[in-house]
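Q: next input, structure requested:
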Amino acid sequence: MESGNDNEEPSVMIIVGRAWLVKGGESTRVHVLLVAPDDDSAVRAALEALAREGYVEAELDQIGEMEGMPDEEPHASAYQGAMEGEIAIVTLD
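A: This next block holds a predicted model:
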């Protein structure tokens, strides 16, 4: 009997939303990439990472699993960072 798939790479989750550096100010679109055991843990970790980066407010709209490494930057580097245990925040203009 096998207990889990040790050979499987962890799934990288992406959380899409907006964040504010100043309450009531202009929002920044953010994509947060990370590895977490479940959606709730991922959201909690994403909010903590945004707070550490100085964001005072965040509105997270969507969460999902990425289907492999993206081809383009900055998401490719963020994906690699997430695979290494980091929480990567990509900001979009």
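
Q: any chance you could map the helices in this protein?
A: Under the criterion DSSP state H, the chain carries helices at the ranges 39-52, 75-83.

Q: mean neighbour count added to these, as a markdown table?
A: For every residue, glycine as well, the C-beta is placed using N, CA and C. Output for the helices of the chain, formatted as a markdown table (neighbours: other CB atoms under 10 Å):
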| stretch | mean neighbour count |
| --- | --- |
| helix 39-52 | 16 |
| helix 75-83 | 18 |
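
Q: could you dump these to CSV with distance to residue 19?
A: Converted to CSV, those look like this (distance: least, CB to CB, whole Å):
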stretch, distance to residue 19
helix 39-52, 5
helix 75-83, 15
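
Q: indicate which one of these is closest to residue 33.
A: Between residue 33 and the helices of the chain, the shortest gap by CB to CB is with helix 75-83, which sits at 4.3 Å.

Q: which other residues reach that closest one?
A: 9-10, 12-13, 31, 33-35, 66, 69-70, 88-90 (CB atoms under 8 Å, 6 or more residues apart in numbering).

Q: please flag which of those residues sit within strands.
A: Counted as lying in strands by DSSP state E, out of the contacts of helix 75-83, are 13, 31, 33-34, 88-90.
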